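Chemist: Got a predicted structure plus its sequence, pasted below:
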Amino acid sequence: MGLITVIDRSGEFVDVVGTLSASQSDAEVHAVAALDEVSLGAEAPFVVVVAPSTPPAVGFQAAQAAEAAGAHTSVVIVAESVDTSLMRAAMKAGVSDVVAAADPATEIARAITDAYTAAQGRQRAAAQEAEAAVTLPVGGRVVTVFSTKGGVGKTVLSTNLGAALAKGLDLKTALVDLDLQFGDVGIMLGLAPDRTISDVAASIERLDADLLWGHMTHHDSGLDVLLAPVRPEDAETVTTGRISRILALLREMYDVVVIDTAATLDEVVLTALDKSDAIYAMTMMDVASIKNLKISVQKLAQLGYANGLVHVVLNRADSKVWLQPHEVERAVGSEIYARIPSDRIVPRSVNKGRPVVLDEPRSDVAKAIMGIAKSIAASAGEESGHVS
Ligand SMILES: Nc1ncnc2c1ncn2[C@@H]1O[C@H](COP(=O)(O)OP(=O)(O)OP(=O)(O)O)[C@@H](O)[C@H]1O
Ligand SMILES: [Mg+2]
């Protein structure tokens, strides 16, 4: 239902407007004595009609106030007499229409109906825009590498994905080490932990892009890393609320945000998963890892994470164990999204602190990880296309 407010000093014109707007079946007509009684907030009227008893200049003020407030309101002035200077001044002020009190009733009714329809359209457009702003994540893509089993290669994958996206695919990429107790992203990338996520968490009141950027450790691949706390006890300041704020800001600052996690499904990991556009659920091919993955995938489904969000990544896929990839798929109940072969160059690269994708880009391990990075880059491109 829309509101038509008549600014009417005499109180006589409101009935005329009521009769004229009868065709606007969903409109409610009411009168006020002065402009300052008109609310231009969420409940702003669709039309403000300035009655002949009220000076036309009140209509100019109403139109300007509506514009300043971002209200959808249209203004119609019904004046005792209309001349070109009044018309011009009204147009300049953003008034929708000016009619003379002596004009035929149909003419006055048309002016009010047109103004009403225009305001309705503006309100609908604003509502759609607001909805779009809520549903479309602004900024980059957030991906989390996840497994409740330790030692399956999460940190190998996240560090290599970060380097591949930053250096190989030239995307602005951040890597966050959310393994707050035992994070070893810094070690695998050969980075010194001068500043970490616990320093950001301690300064959360002043959090902005500059502060956050200043706490990132910059890798020579172009990757920016938010390292885990040096001492496990420093993780206490890194609450889930703070993590949420940090991740939301990183999403605005970067094309892609990669998150490495601890081998658990606690509140910290859930905070990361909540913010993620894709989850890479890692497993190796031994029975214990597969069983773990199966339970995790079921748990994620119960928690309401959409099936399409979770991608199973099989690490050390060619290991000589008795399970075959298709048996893994059957056991877990999900398709395998990517396979990373087993290779001695991985532990070697871990020891050197140099990602495989940079040091051995021709290796099968690097190619497999590059494949995942490319699909992230493709969807990051789609998304930014949406937003702009
Ligand atoms: N494809 C691979 N080929 C050979 N070795 C690998 C491969 N992937 C991982 N590894 C080895 O497994 C070890 C554990 O990997 P990583 O630290 O990435 O696991 P994680 O899941 O992060 O463990 P945690 O849960 O303890 O953080 C690494 O040190 C690495 O040497
Ligand atoms: Mg790890």
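Modeler: Thanks, I have the structure now. Numbers count the residues shown, from 1 in each chain. Ligands and ions are numbered 1, 2, ... in the order given.
Chemist: Quick check: L273 is in a helix.
Modeler: Yes. According to DSSP: H, G, I helix; E, B strand; the rest coil, L273 belongs to a helix.
Chemist: count of neighbours near it?
Modeler: 20 (other CB atoms under 10 Å). Glycine gets a C-beta too; all of them are placed from N, C-alpha and C.
Chemist: any idea how far ligand 1 is from it?
Modeler: Separation of L273 from ligand 1 (CB to the nearest ligand atom, to the nearest Å): 16 Å.
Chemist: ditto for R344
Modeler: With CB to the nearest ligand atom as the criterion, R344 and ligand 1 are 7 Å apart.
Chemist: can you pull the pLDDT of that residue?
Modeler: In this model, R344 is scored at 96, pLDDT.
Chemist: which ones are touching it?
Modeler: Contacts for R344 were tallied using CB atoms under 8 Å, 6 or more residues apart in numbering; there are none.
Chemist: Show me what the helix or strand that contains A288 is packed up against.
Modeler: Taking DSSP states H and E as the criterion, A288 maps to helix 287-302. Judged by 3 or more CB pairs under 8 Å, 6 or more residues apart in numbering; DSSP states H and E, helix 287-302 is in contact with strand 278-283, strand 310-315, helix 325-332.
Chemist: mean confidence for the second one?
Modeler: It refers to strand 310-315. Mean predicted lDDT for strand 310-315 stands at 95.
Chemist: hmm, who's touching that strand?
Modeler: By CB under 8 Å, 6+ apart, strand 310-315 touches 152-153, 156-157, 278-285, 293, 297, 300, 325, 328-329, 332, 334-340, 342, 372.
Chemist: Identify whichever of the helices and strands packed on helix 287-302 lies nearest to T5.
Modeler: strand 278-283 (50.0 Å; CB to CB).
Chemist: is any part of the closest one close to ligand 2?
Modeler: No. Under the criterion of CB under 5 Å from the ion, strand 278-283 makes no contact with ligand 2; the nearest approach is 9.8 Å.
Chemist: tally of neighbours for whatever residue of the chain ends up closest to ligand 2?
Modeler: Nearest to ligand 2 in the chain, going by CB to the ion, is T155, at a distance of 3.3 Å. Neighbourhood size, T155 [other CB under 10 Å]: 25.
Chemist: so it makes contact with L175?
Modeler: No. Counting by CB atoms under 8 Å, T155 does not reach L175; the two are 10.0 Å apart.
Chemist: list residues touching both of the two?
Modeler: With CB under 8 Å, 6+ apart as the test, T155 and L175 both reach V185, D260.
Chemist: one step back: ok, then the element right after the helix or strand hosting the residue of the chain closest to ligand 2?
Modeler: T155 is part of helix 154-163 when elements are defined by DSSP H and E. Downstream of helix 154-163, the first helix or strand assigned by DSSP H and E is strand 173-177.
Chemist: Convert the C-alpha atoms of that next one to CSV, please.
Modeler: Output of strand 173-177 as CSV, limited to C-alpha atoms (Å, rounded to 0.1, in the frame of the first residue of the first chain):
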residue,chain,number,x,y,z
THR,A,173,45.7,-13.5,-3.7
ALA,A,174,45.7,-13.8,0.1
LEU,A,175,46.5,-16.9,2.1
VAL,A,176,45.2,-17.1,5.6
ASP,A,177,46.7,-19.7,8.1
